[in-house]
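Colleague: Sequence and predicted structure below; questions after.
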Amino acid sequence: MTATATDDTMRDRFADVTSKLLDEDPRLAVVMADIGGAGFVEAKRRHPDRIMSIGIREQLMISVVSGLALSGMRPIAHSYTPFLIERPFEQVKLDLAHQGVGAVLVSVGASYDASDSGRTHQAPEDVALLSSLPDWTIHVPGHPDEAELLLRDAVAADGNVYLRLAAQSNAAPMPIEPGRFHVVRRGSQATVIAVGPMLDRTLEATSDLDVTVLYATTVRPFDADTLHAQLSAPVVALVEPYLQGTSAMWVSEAFRDMPHRLLSIGVRRMENRHYGTPEQHDEAHCLDVASLRHRIGQFLEA
Amino acid sequence: MTETTIANSPDSATALGYQDLPRLIALMTGDEKHSTSADSTLDVLWVLYDRVLNVTPTTVDDPDPDRDRFLLSKGHGPMSYYAILAAKGFIPVETLVTFGAYDSPLGHHPDRMLIPGVEISSGSLGHGLPISVGVALGLRAQRRRSRVVVLVGDAELDEGSNHEAIVLAGRLGLDRLTTVVVDNRSATHGWPGGIAGRFEIEGWASATVDGRDHEALVAALTAERIGQPNVVVAAIVEEGA
């Protein structure tokens, strides 16, 4: 089936679970820049010193998170994707891993959840940007249950973790394990890696194809071991919900000693000056079921 | 005069004093373009480490969560900083001669992962003050009374990220936070109306003192502020200027 939003959103789940975790873990703190506060009204009454609304100051948001970590806390920063990752990117680069401290960055908006808001609120480049930095764990859940599991894992860790939440969701959760690709289907012609919310449509698009489908919810570190173990033929298709080719380097690295073919599917590099719905943007980027079927089928026949 | 032995153990290093700093600084070569910058911070840094901060090699080796935090945001020209860290026994004096070498912990901008006692890595301007706000908020949430002191340059204040921090710290009344602005008049367009005024309008308490006057610096840096962060503008007037 085509992925659709569910009533229980990843964003709602994030606020609910984080509020509970704040009750349990005195090291946990949440920093927001005037986005996302509505989900933490009750929790802020209980923890006024650990839920921080700092105004529309995204560079400061990341630096404050760094300072909190330096003081011994486990901070979360939360905002829309472009304001969390792109605008304060030097702070992300220098104030976290370079300082030897860790934080959890939780975004909403994915690539173009805010399709009707235009380019300013869209950031399909986020995972590629963070992938340029060392030692980041990047989670891309495809369902609220997965988002909760990955959030809890991120908070319990001490490194730098990016949790990318989306409005689009798969119909049902998968039994995922943080850090590992999950084998959804086995085939012999190729391996298709579907990332996060792309799973349902990838399964539908490949339902009549003899391919292995791996489901990725942790994309950094890239689980080359599972990819190697499940490979039936040196033919790989990546289906990513962000910038096309974001994980191509990791596939190439995994198969550096083996001739292979790779198809990278994702958000195309273009100024798409249209509004409308995420589904319309999916079509514009050839990420709808029919386009996926066409592109993967053509790739296998080549 | 009595010659001070340059030593590398914390105990013997405590014998080193302010008068030894020029000699220690002279051990570091290769970043002469930032000599003026290094010189401008010398007295403030010495006063902080000698008379103000509750920070010693012991509080760093076995990290004391209640230690004071000093953040050098103006990472350019760290020679004075390194000399004082050596004089106070945080790093061996012998390390100073390795300044800027491939395997040296002492780069032309400090790295907290390489140097004991350094609270933040700096070099790119406009990061220390925003991070210090986070440190102050974290310590406040933990009910700790440690002081947080951050040093910036007057030209560094051109970076917009500082002003996000100045506004928030004032609004939140972070009274354990002190910003020292070493003002050697290097901001390209200056600060009409004075640097202190930029902070005061956001709710900071302020003092502007001679950045070479140790007694004035101590008084300004130890002033108790209730409900307000503190800015100390340390004015540096070069001889002959």
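Modeller: All right, it came through fine.

Colleague: where exactly do the helices run in chain A?
Modeller: Assigned by DSSP state H, chain A shows helices spanning A:10-24, A:41-46, A:58-70, A:81, A:89-95, A:126-131, A:144-156, A:199-205, A:224-230, A:248-254, A:278-284, A:289-301.

Colleague: Pipe the ones you listed into a markdown table and attach mean neighbour count, distance to chain B and mean pLDDT per row.
Modeller: The way it works is simple: take the backbone N, C-alpha and C, and place the C-beta from them, glycine included. A markdown table is the format used below for the helices of chain A (neighbours: other Cβ atoms under 10 Å in any protein chain shown; distance: least, Cβ to the nearest Cβ, whole Å; pLDDT from 0 to 100):
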| stretch | mean neighbour count | distance to chain B | mean pLDDT |
| --- | --- | --- | --- |
| helix A:10-24 | 19 | 11 | 98 |
| helix A:41-46 | 13 | 13 | 97 |
| helix A:58-70 | 30 | 2 | 98 |
| helix A:81 | 28 | 20 | 97 |
| helix A:89-95 | 21 | 6 | 98 |
| helix A:126-131 | 22 | 17 | 98 |
| helix A:144-156 | 21 | 16 | 98 |
| helix A:199-205 | 23 | 37 | 98 |
| helix A:224-230 | 15 | 28 | 96 |
| helix A:248-254 | 15 | 26 | 96 |
| helix A:278-284 | 19 | 32 | 97 |
| helix A:289-301 | 16 | 42 | 97 |
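
Colleague: For the residue sitting nearest the centre point of chain A, which residues are in contact?
Modeller: Centroid check for chain A by Cα atoms, centre = their mean gives A:Val140 as the closest residue, at 2.8 Å. With contacts taken as Cβ atoms under 8 Å, 6 or more residues apart in numbering or on different chains, A:Val140 has the following neighbours: A:127, A:164, A:166, A:195-197, A:216-219, A:241-242.

Colleague: Confirm that B:His189 sits in a helix.
Modeller: No - in this structure, B:His189 is coil, not part of a helix, as judged by DSSP: H, G, I helix; E, B strand; the rest coil.

Colleague: Excluding covalently adjacent residues, which one is nearest to it?
Modeller: B:Asp158 (7.8 Å; Cβ to Cβ, 6 or more residues apart in numbering or on different chains).

Colleague: Nearest to chain B: which residue in the stretch 101-250 of chain A?
Modeller: Proximity of the stretch 101-250 of chain A to chain B (Cβ to the nearest Cβ) peaks at A:Val101, 9.5 Å away.

Colleague: CA atoms only for the helix or strand hosting B:Ala216, dumped as PDB, please.
Modeller: Under the criterion of DSSP states H and E, B:Ala216 resides in helix B:214-221. Taking Å, rounded to 0.1, in the frame of the first residue of the first chain, the C-alpha atoms of helix B:214-221 are listed here in PDB:
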ATOM      1  CA  HIS B 214      44.800  43.200  38.300                       C
ATOM      2  CA  GLU B 215      43.000  44.600  41.300                       C
ATOM      3  CA  ALA B 216      40.300  46.200  39.100                       C
ATOM      4  CA  LEU B 217      39.900  42.900  37.300                       C
ATOM      5  CA  VAL B 218      39.600  40.900  40.500                       C
ATOM      6  CA  ALA B 219      37.000  43.300  41.800                       C
ATOM      7  CA  ALA B 220      35.000  43.100  38.600                       C
ATOM      8  CA  LEU B 221      35.300  39.400  38.100                       C
END
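
Colleague: any idea which helix or strand comes after it?
Modeller: Heading C-terminal from helix B:214-221 (DSSP H and E), you reach strand B:230-235.

Colleague: What values do phi and psi take at the residue of chain B found nearest chain A?
Modeller: Using Cβ to the nearest Cβ, the single residue of chain B nearest to chain A is B:Gly134, 2.0 Å away. Phi and psi for B:Gly134, reported as degrees, to the nearest 10, are phi -60, psi -40.

Colleague: how much space between the residue nearest to it when sequence neighbours are not counted and B:Val182?
Modeller: Computed as Cβ to Cβ, 6+ apart, the closest residue to B:Gly134 that is not its neighbour in sequence is A:Gly67, at 2.0 Å. Using Cβ to Cβ, to the nearest Å, A:Gly67 is found at 21 Å from B:Val182.

Colleague: Over to B:Arg225?
Modeller: 20 Å.

Colleague: can you pull out the strands in chain B?
Modeller: B:69-72, B:148-153, B:177-183, B:205-210, B:230-235 (DSSP state E).

Colleague: Using a markdown table, lay out those strands together with mean neighbour count.
Modeller: Converted to a markdown table, the strands of chain B look like this (neighbours: other Cβ atoms under 10 Å in any protein chain shown):
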| stretch | mean neighbour count |
| --- | --- |
| strand B:69-72 | 25 |
| strand B:148-153 | 27 |
| strand B:177-183 | 27 |
| strand B:205-210 | 18 |
| strand B:230-235 | 24 |
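
Colleague: picking up where we left off before, show me which parts of the helix holding B:Ala216 are buried, residue by residue.
Modeller: For helix B:214-221, burial by neighbour count (16 or more other Cβ atoms under 10 Å in any protein chain shown) applies to B:214, B:216-218, B:220-221.

Colleague: what do you get for stretch B:18-26?
Modeller: B:20-21, B:24-25.

Colleague: before we move on, what about stretch B:26-33?
Modeller: The neighbour-count check on stretch B:26-33 (16+ other Cβ under 10 Å) flags B:27-28, B:31 as buried.

Colleague: how about B:Val232, what does it touch?
Modeller: B:178-181, B:206-209, B:217, B:220-221.

Colleague: Of the helices of chain A, which is nearest B:Val52?
Modeller: helix A:58-70 (19.9 Å; Cβ to Cβ).

Colleague: Only alpha carbons, please: show the closest one as PDB.
Modeller: Extracted in PDB, the C-alpha atoms of helix A:58-70 (Å, rounded to 0.1, in the frame of the first residue of the first chain):
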ATOM      1  CA  GLU A  58      18.900  27.800  16.100                       C
ATOM      2  CA  GLN A  59      22.600  28.300  16.300                       C
ATOM      3  CA  LEU A  60      22.200  28.900  20.000                       C
ATOM      4  CA  MET A  61      20.100  25.800  20.300                       C
ATOM      5  CA  ILE A  62      22.900  23.500  19.300                       C
ATOM      6  CA  SER A  63      25.500  25.400  21.300                       C
ATOM      7  CA  VAL A  64      23.300  25.200  24.400                       C
ATOM      8  CA  VAL A  65      22.900  21.500  23.800                       C
ATOM      9  CA  SER A  66      26.700  21.300  23.700                       C
ATOM     10  CA  GLY A  67      27.000  23.200  27.000                       C
ATOM     11  CA  LEU A  68      24.400  21.000  28.600                       C
ATOM     12  CA  ALA A  69      26.400  17.900  27.600                       C
ATOM     13  CA  LEU A  70      29.600  19.500  28.800                       C
END
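
Colleague: Which strands and helices lie in contact with it?
Modeller: Where contact means 3 or more Cβ pairs under 8 Å, 6 or more residues apart in numbering or on different chains; DSSP states H and E, helix A:58-70 is packed against strand A:28-32, strand A:74-80, helix A:89-95, helix B:128-141, helix B:160-172.

Colleague: for the strands of chain B, which one sits closest to B:Ser37?
Modeller: Comparing the strands of chain B by Cβ to Cβ, strand B:148-153 comes nearest, at 7.2 Å.

Colleague: Quickly run through the sheet partners of that closest one, with directions.
Modeller: When pairing is defined by DSSP bridges, strand B:148-153 lines up against strand B:69-72 (parallel), strand B:177-183 (parallel).

Colleague: Low-confidence bits of chain B, can you list those?
Modeller: Scanning chain B for pLDDT under 70 picks out B:1-14, B:239-241.

Colleague: one step back: tell me which of the contacts of A:Val140 is nearest to B:Phe99?
Modeller: Relative to B:Phe99, the closest of the contacts of A:Val140 is A:Val127; by Cβ to Cβ it sits at 38.9 Å.
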